[in-house]
Structures are given as C-alpha cells and as structure tokens.
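Novice: I would like the atomic coordinates for the input below:
(one chain, ligands or ions: 1)
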Amino acid sequence: MSDKYCVIGNPIAHSKSPDIHAAFAAATGHDISYGRCLAPLDGFADTVRDLVAQGYRGANVTVPFKLEAAALATRLEERARLAGAVNTLRFDNGEIVGDNTDGPGLVADIVQNAGVPLGGKRILLLGAGGAARGVILPFLREQPEAIVIANRTRATADALVDHFSRQVERRGQLRARGFDDIEEPFDVVVNATSSSLSATMPPVPARAFQPGTLALDMMYGKTPSPFMAFASKHGAIPRDGLGMLVEQAAEAFRIWRNVRPSTKAVLARMRERL
Ligand code: ATR
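Specialist: Model (predicted):
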C-alpha cells in the first residue's frame, strides 16, 4: 500500500500541493498518495490525530494552522522553533515532528532558480507576520550583509528582531525599520506581507529598488502583483512565489522520503497551468 500524506488547511480546495507531490513521486519512483484535508477551524489537532491513527506518514500544513501545528508538534526542528510556525509534519513512531520548509524553499528559489547568491547581499524583508518569520533563519544562514525588516506596524518588526537577536548568532545583520525610513536601494526585496491578497502593495518607496534588484513576491497568480509591477517599473527584476511553493514542497518531500526531487520541470508545468 502507498505511504499516505496530505495537506491540511481551511480552505484547501485550491491547494496545488497534491499536483506537485504527485509529480515528485512519479519522477522519483516513490509510491505515495497525497491528498487534500479540510480541517474544521476549531479541529486542527483532532484532524492530525486522526491522520496519525489512519497510518499517515506526514502532512503539510497551510493557512490558518501553521502556528497551531508548531504548538501540537512533540518535537520541533530549530528552524520551525525559531519561526514559531510549522508547514511540514512527519509522523514517526508516535512522535509528531514539526519543520518549516517555507524559508529554505524561498532561499532555494532565489539562489538556485533565480541564480542570485545571497552571501554579502543587502536584503529588505517586507512584513513581520508568519511568512516573514519563516524566512529569517534561512536568510541569516546565507550570510548576507544585512537583513532589514520593514513593517507597517513598526513595533512588530522590532519585536521580531528582538526575538531572533536573543537566539541566533550573526544577529548584527538584522535590523527593523518603518517603511518611511527606507532610504537606499537593496539587492533583494521580498514581499512577505499579505497585501497582494487584497490587490494592494506595502508602502515601500521606489528608492528601495535599483536596476537588477530582485523583487520577489511570496504570492503568485496569473498576472504580476501590484508589488511586482511597481518594482519592475523602478528597474527591479520581478519574481512571484510559485518557485518558492515548488521548492518548499521539494524540501518537504526530502524530509519524508530522503530524496530531494528535481524541481525544474515541475515548476515549468505549474507555471503553464496558472
Ligand atoms: P502571514 O502569516 O501571511 O505573514 P500575518 O501574520 O497576518 O500573515 O501577517 C501579515 C503581514 O502583512 C503583517 O506584517 C502585516 O502588517 P501589520 O503587522 O502592520 O499588520 C502585513 N500587511 C498586510 N496587509 C498589508 C498592507 N496592505 N500593507 C502593508 N503591510 C500589510
């Protein structure tokens, strides 16, 4: 019988993860099934326990359950503990092991797919919610010159820098700012706010971009987001979050199956189907 996995969320019907994991399974010759699992808003923990009882081997977790998944895990990998959020669960002999592959997925997409190494670079991270938290440790590990976190509510960015500064080495690279205090261009600007969901963009000034800046929106869609359109108007190279989506899935597949599938063909196919 195939090993069973699924993605848990609410809503979940739109999730592309089953298509991505089916493609990885076919390419690697692994016999797995991967479905969608709708959990009631007040029933995440019960849903996970039910999956464990049914013999599932693991699950991905998406909106709005990533924080609950971190609380439910019996063991957390460091990157998930620091992010306070879990997107990948592995069910292992009674343990529920929580990990977060969103940040590593973003780094893989920037470094390998976009061909932009992050060592020595200046990174501007827009937003200080769950999506931003997940990428800070993986970014720090690439040893950039600086990571500036800008958020509409400045105090949340300050708290995030404080949180990481207490627990991580090389913390000198991390700074918080308000949008109004962004005075200079960056090499990489990442939109980790949820603004694209409402077809708006964070109030990032044009001077944050220069020719060649990589401007990556974690969201994706048929057309460029307002953030991507604004960034390209000011000389930046826009990129959406589809590569991050495929790469975080590849990293989850590796955690479960011990092999990291190749992502190029899968990303191209997902792009065609947008
Ligand atoms: P997620 O888990 O997707 O990060 P979240 O934790 O609710 O979601 O965080 C949303 C982030 O997007 C926050 O940083 C939020 O800024 P505030 O802390 O000031 O609320 C940011 N955000 C959402 N809409 C925005 C907008 N239109 N402009 C700027 N920032 C926005």
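
Novice: Enumerate the helices of this protein by residue range, in sequence order.
Specialist: 17-28, 44-53, 66-72, 78-83, 102-108, 130-141, 154-167, 226-233, 242-257, 264-273 (DSSP state H).

Novice: out of the ones you listed, which comes closest to the ligand?
Specialist: Nearest to the ligand, of all the helices of the chain, is helix 130-141, at 2.9 Å by C-beta to the nearest ligand atom. Quick note: C-beta positions are derived from backbone N, CA and C, even for glycine.

Novice: Between helix 242-257 and the closest one, find me the angle.
Specialist: 80 degrees (axes from the mean of the first three to the mean of the last three C-alpha atoms, to 10 degrees).

Novice: thinking again about what came up before, same list, the helices of the chain, but as TSV with mean neighbour count, distance to residue 199 and mean pLDDT please.
Specialist: Formatted as TSV, the helices of the chain follow (neighbours: other C-beta atoms under 10 Å; distance: least, C-beta to C-beta, whole Å; pLDDT from 0 to 100):
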stretch	mean neighbour count	distance to residue 199	mean pLDDT
helix 17-28	19	24	98
helix 44-53	16	29	98
helix 66-72	19	23	97
helix 78-83	22	27	95
helix 102-108	25	22	98
helix 130-141	23	17	94
helix 154-167	16	23	93
helix 226-233	19	6	98
helix 242-257	24	18	98
helix 264-273	14	21	97
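
Novice: and residue 172, what pLDDT?
Specialist: Looking at residue 172, its pLDDT reads 72.

Novice: middle-most residue in this protein, spatially?
Specialist: residue 102 (2.7 Å; C-alpha atoms, centre = their mean).

Novice: From residue 109, how far out is residue 58?
Specialist: 22 Å (C-beta to C-beta, to the nearest Å).

Novice: Those residues of the stretch 51-200 of the chain touching the ligand, which are they?
Specialist: 127-132, 151-153, 156, 193-195, 200 (C-beta under 6 Å from any ligand atom).

Novice: List buried members of these by neighbour count.
Specialist: Listed as buried from these are 127-128, 130-132, 151, 156, 193-195; burial here means 16 or more other C-beta atoms under 10 Å.

Novice: Right, and the ligand sits closest to which residue of the stretch 101-250 of the chain?
Specialist: residue 129 (2.0 Å).

Novice: quick one, what contacts that residue?
Specialist: 156, 192-194 (C-beta atoms under 8 Å, 6 or more residues apart in numbering).

Novice: If we use 7 Å, what do you get?
Specialist: residue 194 (C-beta atoms under 7 Å, 6 or more residues apart in numbering).

Novice: So what does it look like in phi/psi?
Specialist: phi -90, psi -160 (degrees, to the nearest 10).

Novice: how close does residue 73 sit to residue 95?
Specialist: Residue 73 is 8 Å from residue 95, by C-beta to C-beta.

Novice: re earlier: distance to residue 115 added to the helices of the chain, as a markdown table?
Specialist: Converted to a markdown table, the helices of the chain look like this (distance: least, C-beta to C-beta, whole Å):
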| stretch | distance to residue 115 |
| --- | --- |
| helix 17-28 | 22 |
| helix 44-53 | 38 |
| helix 66-72 | 29 |
| helix 78-83 | 24 |
| helix 102-108 | 12 |
| helix 130-141 | 17 |
| helix 154-167 | 27 |
| helix 226-233 | 18 |
| helix 242-257 | 12 |
| helix 264-273 | 13 |
